[in-house]
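Q: Here you go, sequence then predicted model.
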There are 4 protein chains.
Amino acid sequence: MVLFNCDYNEGAHPKIMARMMETNLEQTVGYGEDPYCKKARELIKARCGRDDIEVQFLVGGTQANLTVIAATLRPHQGVISADSGHINVHETGAIEATGHKVIALPSADGKLTAQQVEDYWNGHWNDGTHEHIVQPGMVYISNPTEIGSIYTKAELTALSEVCNRCGMPLYMDGARLGYGLAAEDNDLTMADITELCDVYYIGGTKVGALFGEAVVIRNEAIKKDFRYMIKQRGGMLAKGRLLGIQFLTLFEDGLYEEVSQHAVSAARKIRKVCEERGFSFLTPSTTNQQFPILPNTMIEKLKGKFGYSFWEKVDEEHSAIRFCTSWATREEDVDALCEMIRTL
Amino acid sequence: MVLFNCDYNEGAHPKIMARMMETNLEQTVGYGEDPYCKKARELIKARCGRDDIEVQFLVGGTQANLTVIAATLRPHQGVISADSGHINVHETGAIEATGHKVIALPSADGKLTAQQVEDYWNGHWNDGTHEHIVQPGMVYISNPTEIGSIYTKAELTALSEVCNRCGMPLYMDGARLGYGLAAEDNDLTMADITELCDVYYIGGTKVGALFGEAVVIRNEAIKKDFRYMIKQRGGMLAKGRLLGIQFLTLFEDGLYEEVSQHAVSAARKIRKVCEERGFSFLTPSTTNQQFPILPNTMIEKLKGKFGYSFWEKVDEEHSAIRFCTSWATREEDVDALCEMIRTL
Amino acid sequence: MVLFNCDYNEGAHPKIMARMMETNLEQTVGYGEDPYCKKARELIKARCGRDDIEVQFLVGGTQANLTVIAATLRPHQGVISADSGHINVHETGAIEATGHKVIALPSADGKLTAQQVEDYWNGHWNDGTHEHIVQPGMVYISNPTEIGSIYTKAELTALSEVCNRCGMPLYMDGARLGYGLAAEDNDLTMADITELCDVYYIGGTKVGALFGEAVVIRNEAIKKDFRYMIKQRGGMLAKGRLLGIQFLTLFEDGLYEEVSQHAVSAARKIRKVCEERGFSFLTPSTTNQQFPILPNTMIEKLKGKFGYSFWEKVDEEHSAIRFCTSWATREEDVDALCEMIRTL
Amino acid sequence: MVLFNCDYNEGAHPKIMARMMETNLEQTVGYGEDPYCKKARELIKARCGRDDIEVQFLVGGTQANLTVIAATLRPHQGVISADSGHINVHETGAIEATGHKVIALPSADGKLTAQQVEDYWNGHWNDGTHEHIVQPGMVYISNPTEIGSIYTKAELTALSEVCNRCGMPLYMDGARLGYGLAAEDNDLTMADITELCDVYYIGGTKVGALFGEAVVIRNEAIKKDFRYMIKQRGGMLAKGRLLGIQFLTLFEDGLYEEVSQHAVSAARKIRKVCEERGFSFLTPSTTNQQFPILPNTMIEKLKGKFGYSFWEKVDEEHSAIRFCTSWATREEDVDALCEMIRTL
């Protein structure tokens, strides 16, 4: 069976494995202060187009989210998120465990709008009892979102402006950032994101690395003592160079973009064949996750041949499922899946 | 101006003040282990009809809620609440500050149903990724609710059965419990509540006391070391007897019931006059809080004469407001308010 | 039996009770925004000699400590305290429950020195692995300390200078502040303390009030949103005026000083008679707590006549005990105790 | 320069790297539920001699410590540790950040004794104010300790008995467990440790793996929902098989023991040469860490040739430094270091 259920079924891109092998017996200092991390930071700074950012490497996404959010908020503050946001749904209350409420706003497409955030902010401050209510202290978005949608530059700019106006840092969870940047309708660059977000992370785990997320911090207050936060939350990898080596490899010769393009192209093929068959989608997505609504009979037949994630029941006879592609997806597997969809 | 905006505008019932004066210069041990607390505990146990419960006195409701909930849950668990629940809305994230998510379920009338709770529980355990999701660990209800409604014995019994089946303690916030028990359509006794809830509190602050809430614990696991929890959360009053004296006075000669009846009768008058005028209500309430929907012009005229809480805009010309009565409400003030409503 | 074991055995000064009775049926807004709290704040500001401080009223000392400290620190920071500090020993881990380590430094007399704090700070920053160690983020002192000693103006000034230099707010727990200011060898005024500490609290519970502590905040960063913190930690009293009325009464006509002087004079008598008998003390104290080292046989004879706190065994035949006086101590009781000590 | 400063300067044992390469493009389910993790669990269970233990894989030691401890304690409980314990000193307050005090007991050799623990427990419960004090809830030890010492079977048995008697789970931090088991004077087996500890972890990061610690849980209460805890604390690795593959390789053919023996032999050589020169040691150690006290002039000369950790100043002319060996230490480097020590 070939798995399309998620984007972390394999190890790492062979170039990364090769680099790990090459450097395996070298001795370096620990905790992310080695030459590989330094070089990886420089490459990321260059890609982001500014030198005054801080780049720190963490092992996983939940760890990155909880460390960044706990580092940013004061105790009485919460973080605004779409109700479908990963921190609100799939992190076992990791944010609450650091003492903060996730303020979940409704969202059909996984995104927050600038208007929503501004209205919530105004609502808070116009409420005579606001001291009895969690104060909104930062804004969390994911790009691409958990359901594959992406922010346009205009949308992100508007959000960023509201956040600046309100004094709430804007944080982007970029677990699948590469796949968002590679989308055909994307108009954001990493430099844009760096300007518009106070802090975000560039996902490695799902985009070519064995593991690892690069947290990029522009906001001075969040930079301050951030490495203490990493250590306290259990995220400071002893052999930190493992993260440096991976990001170095991803950002040295355009590998991050290359693997992202690869996954998005594969996803596009799957989307196309579903569209041709006249299937609709739970949500439009131009990234590596596709959520077609298929007849249950057809889903039944896929079982055992192709792995997918069951997403939700749509009606008695149809359900939405998720297909994920990744840097590791093989052409022949995509073709076989498409052929099966086409002919079932 | 006479205030009907809330039920904690005055001090305490004169009998309580008298008892405080009488005992003022006595010397007693601290921290709730004095003879007055002991006597108050006995009276409450008698009212609850069982001797194996633990009764502890706290100063306020948010303190009681956060102490009970943090004492009950393990780190990965959250507490199910109606979305309108006090802990979800008006406690500045006090529960999250102890590390736990409030799992808010939708509710039109402020109440949770047994079915809702069971469905959520089943949904959690049927989800293949449940370890990535906060585990529901207890259920919080308020009775009366924040919008004045009350649970019937049948509803509470059904909830209790689901909670037992799922192994989730059931906790009732009884900030206004007296006013619920005094409602004309109430069919619950304090003994019923003791049997059906694992833990609850009998509100004093809003029902005749200067301050104070009596936490009643039937569940053995929650009893264990509960006094450590009180101290840790800053809720152990040095002169604990002040709480004992108040609850002693409230439960000695039926004062708690008497003052509750008084408030509910006053609220009934206000409801009646609104009904006679043909005004509808945001929510039906037979307790001390009434939420009539009035023309904005009328609300405008009340201003300056009678204090109320603005609740929400209903349409362009109407809004819901809250009138609260209490143990301290004076007949003549209710009559004046009713007269004004009748004639405006 | 007459109790000298602690300073919170009685209720409140009769003037406070009288004021509570007088105002009992008045209607005021809640949560500390009523006219009594406003007036009490003005009086305290006047006593402190500056108008730009924020004054908030809390019910108890542990609550005050945990609220102030959690409001001040970032997650990776801890609070420096003498090892005998109340927060380190007798608050059931209330500070740790908010996520912060108490960094306990050794102290024989219950006090921290400026040198100790500076050395610890330097040690932290000179350690190459400092990111792996809790960062010292504020300094907690108590005055008088838990064993009755007080800071001189020179000592507090030196501490304050170190704290300023290091950017660590200085916080004074003033649970018994009145008794410190009334000590014969005290050279600090409340105005000095306001200048030298970033935040402190004026204890009411042990100095004439039924309950209540007035937190005085000079540091702008700690002021910000402090009322949210109070609410979140369960410390916002619904009938906040009860606190205002008490502090108003204490600070209106010098009552706070008067009752403090009374207790300290009584303690001096007890000290004198112990000195006359040739007993030594665990620690020199000019405040309301005295720690004489007495023969066990004598301690045995006191039992049943006078309440004391057993403090610690000194040798096989002697132990240190604590006698506390307070605003409520009666002359005749002190005389009887002294007579017994003199003649045993 | 050759580094002997710590035991995590290199990557992983070549056999582990080879296995990672081989499996790199396989597709497996995530989060530690893949066949490699299953197999690794079986091997570890076999080594521990019982099948009813739970084995979970985490990335690092601080993460393991905070996850285990927060999973075990109730809010009012703390964890007893030697004052030199890693959790007390070098984890940036990670334990306190989960709400719990580290109760640090003095220790000259890095170990806790059964007597110490029992005395502390009895002291707590005999204190009349114990509800005001953090309740000891579990015991943390490290083996080998942070300064290289190890527990004998008799010592661990005595500790275990006290812990059982008091109802406090015993937890062993085994970051360097392999190096302890390989010590010439060790009389513990992994099966003993499994019987005597409620929970412990087998360190991989410092003993041959790229990263990873295997948490072994015997205590049923700690097992319950432990995977939720891992996810909540950010420790659930998406590609969990990376951990399984490493521990599988370490435990399949005795590699864990082999690399541990290698490091300990190397350390023994260093110890011997220091002894021959007549140097004393900060602490006796038969494990991979050696703490010789050397003349500062000699330390100066090592600089630039061999990396070491400066540990502490001993007197004006001598300091203790740490040399670490590991699975990766090369014979020729040890010989060169020994030669230099011998001849300087």
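A: Nice, I can see it.

Q: Just grab the bridge partners of A:I141 for me.
A: A:M172 (DSSP bridges).

Q: ok, now which ones touch A:C338?
A: A:269-270, A:272-273 (CB atoms under 8 Å, 6 or more residues apart in numbering or on different chains). To be clear about C-beta, it is placed using only N, CA and C from the backbone, and glycine gets the same treatment.

Q: try 10 Å this time
A: By CB atoms under 10 Å, 6 or more residues apart in numbering or on different chains, the contact set of A:C338 is A:266, A:269-274, A:276.

Q: Take these and keep only those in helices.
A: Assigned to helices by DSSP state H, the following of the contacts of A:C338 qualify: A:266, A:269-274, A:276.

Q: ranking those residues by neighbours, who comes first?
A: Within these, most neighbours by other CB atoms under 10 Å in any protein chain shown means A:A266, with 26 neighbours.

Q: I'd say it and A:T325 touch.
A: Yes: using CB atoms under 10 Å, A:A266 is in contact with A:T325, at 4.0 Å.

Q: Which residues are in contact with each of those two?
A: With CB under 10 Å, 6+ apart, A:A266 and A:T325 have common neighbours A:4, A:288, A:290, A:333-334, A:337.

Q: So among these, which ones count as buried?
A: A:4, A:288, A:290, A:333-334, A:337 (16 or more other CB atoms under 10 Å in any protein chain shown).

Q: can you list those in CSV and add pLDDT and distance to chain D?
A: Listed next are those as CSV, based on pLDDT from 0 to 100; distance: CB to the nearest CB, whole Å:
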residue, pLDDT, distance to chain D
A:F4, 97, 10
A:N288, 98, 15
A:Q290, 98, 18
A:D333, 97, 10
A:V334, 97, 14
A:L337, 97, 14
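
Q: I'd like those laid out as TSV, including secondary structure.
A: TSV is the format used below for these (DSSP: H, G, I helix; E, B strand; the rest coil):
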residue	secondary structure
A:F4	coil
A:N288	coil
A:Q290	strand
A:D333	helix
A:V334	helix
A:L337	helix
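
Q: Tell me the one among these nearest to chain B.
A: Relative to chain B, the closest of these is A:F4; by CB to the nearest CB it sits at 16.4 Å.

Q: Spatially nearest residue to that closest one (excluding sequence neighbours)?
A: A:F323 (4.4 Å; CB to CB, 6 or more residues apart in numbering or on different chains).

Q: which strands and helices sit next to the helix or strand hosting the one you found?
A: Using DSSP states H and E, A:F323 sits in strand A:318-324. Using 3 or more CB pairs under 10 Å, 6 or more residues apart in numbering or on different chains; DSSP states H and E, the elements in contact with strand A:318-324 are helix A:255-276, strand A:289-290, strand A:293-295, helix A:296-302, strand A:306-307, strand A:309-313, helix A:331-343.

Q: most packed of these?
A: Among the helices and strands packed on strand A:318-324, strand A:289-290 has the highest mean neighbour count (mean count of other CB atoms under 10 Å in any protein chain shown), at a mean of 26.

Q: neighbouring contacts of that one?
A: A:4, A:6-7, A:144-149, A:176, A:179, A:263, A:266-272, A:274, A:281-284, A:308-309, A:311, A:321-325.

Q: That strand pairs with which strands, and in what direction?
A: strand A:318-324 (antiparallel).

Q: Let me see the mean pLDDT of the strand it pairs with.
A: The average of the pLDDT scores along strand A:318-324 is 97.

Q: Return the distance of it from the chain's centre.
A: 20 Å (CA atoms, centre = their mean, to the nearest Å).

Q: Which pLDDT value goes with the residue in the stretch 51-200 of chain A that chain C sits nearest to?
A: Nearest residue of the stretch 51-200 of chain A to chain C, counting by CB to the nearest CB: A:H76, 3.7 Å away. In this model, A:H76 is scored at 98, pLDDT.

Q: which residues of the stretch 151-300 of chain A score low on pLDDT?
A: By pLDDT under 70, the stretch 151-300 of chain A has no low-scoring segment.

Q: quick one, helices of it?
A: Applying DSSP state H, counting those that start in this stretch to the stretch 151-300 of chain A gives helices spanning A:153-166, A:177-181, A:190-196, A:220-223, A:226-232, A:241-252, A:255-276, A:296-302.

Q: Could you work out which of those helices reaches nearest to D:K303?
A: Smallest distance to D:K303 across the helices of the stretch 151-300 of chain A (CB to CB): 22.9 Å, for helix A:241-252.

Q: what packs against that closest one?
A: helix A:14-23, helix A:35-48, strand A:54-58, strand A:199-203, strand A:213-217, helix A:255-276.

Q: 6 Å - rerun?
A: Applying 3 or more CB pairs under 6 Å, 6 or more residues apart in numbering or on different chains; DSSP states H and E, we find helix A:241-252 packed against helix A:14-23, helix A:35-48.

Q: Tell me which other helices or strands the shortest one touches.
A: Read it as helix A:14-23. helix A:241-252.

Q: Give me the angle between the helix it packs on and helix A:14-23.
A: 130 degrees (axes from the mean of the first three to the mean of the last three CA atoms, to 10 degrees).

Q: Show me what helix A:241-252 is in contact with.
A: If you take CB atoms under 6 Å, 6 or more residues apart in numbering or on different chains as the criterion, helix A:241-252 is touched by A:15-16, A:19-20, A:28, A:34, A:36-37, A:39-40, A:43-44, A:57, A:204, A:208-209, A:212, A:214, A:256.

Q: wait, which of the contacts of A:C338 is closest to chain D?
A: Once CB to the nearest CB is applied, the member of the contacts of A:C338 that ends up nearest chain D is A:A266, at 14.7 Å.

Q: didn't that closest one look like it was pressed against A:A336?
A: No: counting by CB atoms under 6 Å, A:A266 sits too far from A:A336 to count as a contact (11.9 Å).

Q: From the centroid of chain A, which residue is nearest?
A: A:A175 (2.2 Å; CA atoms, centre = their mean).

Q: show me what contacts that one?
A: A:61, A:203, A:206.

Q: so which strand or helix has the residue nearest to the last one when sequence neighbours are not counted?
A: Nearest in space to A:K206, with sequence neighbours left out and distances taken as CB to CB, 6+ apart, is A:D7 at 4.4 Å. In this assignment (DSSP H and E), A:D7 forms part of neither any helix nor any strand.
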